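Visitor: Would you be able to build a 3D model of this:
(chains A and B)
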Amino acid sequence: MTNIIKKSKNTLLEKEKKLGLILLLPTILIVLSVVIFPLLANFWISFKPVSLGDLRPPKLIVKERIKGKLSDKNQIAEIQYRYRNTSIKYDLEYVIIKDIIPNGFTVKSLQPAQFCRLKLKELTCNLNNVSSRSSGKIILKVHKNDQWQEELDNPKKTKPLVTFSSKNVLTSFEFNTENFKKVFSASEFFEVLKVSFYYTIFGTAGALLVGLLAAQILQKSFRGRSIVRGLLLFPYVSPVIAVAFAWVILFDPFSGIVNSMLVQMDVIDKPINFFGQKYADIIIFDYVFKFPLALSMVIAFEIWRYFPLSFLFILARMQSFPEEVYDAAKIDGASPFQQFYYISLPFLIGIMSILFLLRFIWTFNKFDDIFLLTGGNAGTRTFTVNVYEQAFAISNLGAGAAVAVVIFIFLLTFSLLFMRYSKKETF
Amino acid sequence: MFWKYGLFFSILSGGIWGVFWQIFFTVAGILTLGSPLSLELSQIMIIGPLAGILYIKSQKFLSIKFHFTAIVIITFLIFISHLGNPYQVEDENRLIIFMLILLTSFFIWVSLNHSLCNLSPGKLSKHDIESFFIKFMWGIGLIILILITLIPFYIMIMTSLKNQQSLILNPLDLSVNLNTDFKTLFNSYIELFTNFNFHLFLINSFIVSCTTVIITLFFSIPGAYALARLRIPNKKIFSGTVILIYLIPSIVLIIPLYAVFSYIGLRNSLFGLILVYPATTIPVALYMLRGYFSALSSEIDDAALMDGLSRIQIILKIAIPLSKPAIVSVGLYVFMIAWNEFLIAFMFLDDPNIFTLSRGIMSLNSSEIPQQHLMAGAVIATIPVMIIFLYLEKFLISGLSAGGVKG
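Guide: Modelled structure (predicted):
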């Protein structure tokens, strides 16, 4: 009896396991093919000297031309095949060009004779190697015979068939660490590292702080609170491209409102290029302080765009807090600051540290914002922008992939940290 | 100590509010008149504190009539202190300046009414000082917060309604002449839809975003149910991996995706986008929905199983109907991610006929195309998200807070 129960239970369990895996399978497959595979491929590319040009598959262009008149029976005409390897880098191997010579022609001679054969009406040229950028000709001397028919026998009617194989850096087993050497040895690396961390730390902490303030302000109930709460989320929900360009236009040195306003009000003498100027000199008591202007602007944008998120989380947490504790504190004579410092803050510290870590990861990974605001110029090049810069601006895919690997390693470290902390605090 | 007296705080807050509103309405004046107004703060630094003293001394007999009189007095004082002609403007603008100053006085008084309410002019306890401070900061903080949030959007809309000439002539003039006809006012928008294919971009964005939502929900609902309910081996590891994958940014994946999609010829196509987007949104959706499904009581499932329903039927007939709001919010959130996505669209699409809105707006970012077109494009991209957001704010907020650390 117990055996039967056990057995049926087992089959039920088995069934569930099977069903569960079936339900999850599409997700697993999609994620594997579009996330995990590219991730591994990225490692692969990072060890290879691949440039953007390598993505265009090498091609052999073959052009067929007719020289001389075909209409005259006794005259000899030429059918020419000109071929050219358009690739700058790659030689083509095992190149074969095939074409059908129409019945109306008799072939007199064939050049180059050592490569080409004519079997019945089929021309086969075994060219072996065509090195990069090189070109050549196949010449057939023909004259028309009795079977010739005006409409049918145009040699251009059949297109030449080309087959070849070529080496491909992407799939070959050729590896080197050139890309990583380039990424790490450049003096740029430390600059990028510094900028990335400044951006991430100040951006995250700023957004968190403003979010905390906003949550404190909106915790008090007042007329129109829900409208204000909706308004404050605008920066986060609108498309990044729209708000980034709005900022760029707002701070434009030539026609931006901020600059013309500051000039009109005599605060500054000439317009400031907020997103294009690396440093601004600030003079305090004869000491010239170099203020990283563009980077600070980018951080300000980051704070502006992402404080709503921290605000939302902190507000949600605060509203779940029992009001009686505050009442008790009030009776005990705690001042508002004390209430905040001794009650609210300890209660919020958990969610805030989780938020900090998660937002830290996301800010570190942020690409769009900086790319759209400054293009990574004026001292704002973070790792993510560097990926784009290396891979697509300098068109060195390998180096870009190497930077992406560096990002991934940082990401992994942060995520493991996050996992360890988030175990203590679930939300 | 003098600073422990309510009178001191009334002077202080009068000064600060005075300066604050003076700056605010000067800027507002510049933007509506389009002509430079010099910012003079010395007068208001005396009038503001006077208003503060007036308020705190007359707290006992506040009435509507009194409020009205006080505002008139402040307005009068501002005029007198500027020798009858604040900002030294021409006659035709006098009325607007008068309105500005009236508004300045009104807001100074209302702010004082808020922050000095129930404050006695005499000696204050620590508690009173702190609550005054908090009240005061609350007001200033709220206003600044709203202003900072909204200014870029305001600039976006106003710039999009201007024409090239007036923008170059005077960047400060953001006033919109409502007397102009519809065609001149919305010129940039008409241009975008007639000459820049924005109708195509809109359709493309809708196709891509909606398809992404459908595919994401189709795969993540059963997946999330399986993770929430079924006994699967190594479930914890699986859930952890989902979170990890969801943290991987597209910039790390873009190079291989670009390479592979170029090779197989899917790069410059909407289909390629529709393949990639769900892969980035399914983990988020799975993570969010799993939370919702776990919150449903499992007894219903057990009862349904007893009644002979299969698991698939349970998903279709019980889990989905019960968590409809959750699914709506996840769907909206995914729509928003797909709609706002920039990097992949930017890297993948070259053909202007298949641009999504993000990609299309990027193509407007050149020195040959006037600024107001760019801003009109930005407005077009923002409006659908805003409509969804305002209409379904509650759903979306719960979606945001459930999985919304992405972005």
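Visitor: so where's the stretch 151-300 of chain A uncertain?
Guide: For the stretch 151-300 of chain A, the stretches with pLDDT under 70 are A:151-153, A:169.
Visitor: Spell out which parts of it neighbour chain B.
Guide: The stretch 151-300 of chain A comes close to chain B at residues A:170, A:213-214, A:217, A:220, A:226, A:228, A:230-243, A:245-247, A:249-250, A:252, A:255-257, A:260-261, A:264-266, as judged by C-beta under 8 Å from any C-beta of the partner chain. For glycine as for every other residue, the C-beta is placed from the backbone atoms N, C-alpha and C.
Visitor: Outline the domain layout of the chain.
Guide: No chain was given, so I picked chain A. A:60-166, A:180-422 (automatic domain parsing).
Visitor: nope, chain B
Guide: B:2-169, B:188-403.
Visitor: quick one on the thing from earlier: of the residues of the stretch 151-300 of chain A next to chain B, keep whichever come out buried.
Guide: Among those, the ones that count as buried by 16 or more other C-beta atoms under 10 Å in any protein chain shown are A:170, A:213-214, A:217, A:228, A:230-243, A:245-247, A:249-250, A:252, A:255-257, A:260-261, A:265.
Visitor: Among the residues you listed, which lie within helices?
Guide: A:213-214, A:217, A:228, A:230-232, A:234-237, A:240-243, A:245-247, A:249-250, A:257, A:260-261 (DSSP state H).
Visitor: Name the residues linked to the residue lying closest to residue A:137 once chain neighbours are set aside by a beta bridge.
Guide: In space, and not counting its chain neighbours, residue A:137 is closest to residue A:82: 5.3 Å by C-beta to C-beta, 6 or more residues apart in numbering or on different chains. Assessed by DSSP bridges, residue A:82 has beta-bridge partners residue A:63, residue A:137.
Visitor: So which of the domains of chain B is the most surrounded?
Guide: Mean neighbours per residue, mean count of other C-beta atoms under 10 Å in any protein chain shown, is largest over the domains of chain B for domain B:188-403, with a mean of 20.
Visitor: Give me the mean pLDDT for that domain.
Guide: Mean pLDDT, computed over domain B:188-403, is 87.
Visitor: would you list every one of the strands in the chain?
Guide: With no chain named, the answer covers chain A. Using DSSP state E, the strands of chain A run over A:60-67, A:77-85, A:92-100, A:105-111, A:116-119, A:122-130, A:135-144, A:161-166, A:279-284, A:287-292.
Visitor: Kindly state which of these is positioned closest to residue A:392.
Guide: strand A:161-166 (23.7 Å; C-beta to C-beta).
Visitor: What are the buried residues along the closest one?
Guide: Under the neighbour-count criterion of 16+ other C-beta under 10 Å, strand A:161-166 has A:162, A:164, A:166 buried.
Visitor: I am assuming the first one contacts residue A:92, so please confirm or correct that.
Guide: No. Because the distance of 9.5 Å does not satisfy C-beta atoms under 8 Å, residue A:162 is recorded as not touching residue A:92.
Visitor: Name the single longest helix found in chain B.
Guide: Assigned via DSSP H, chain B shows its longest helix as helix B:126-160.
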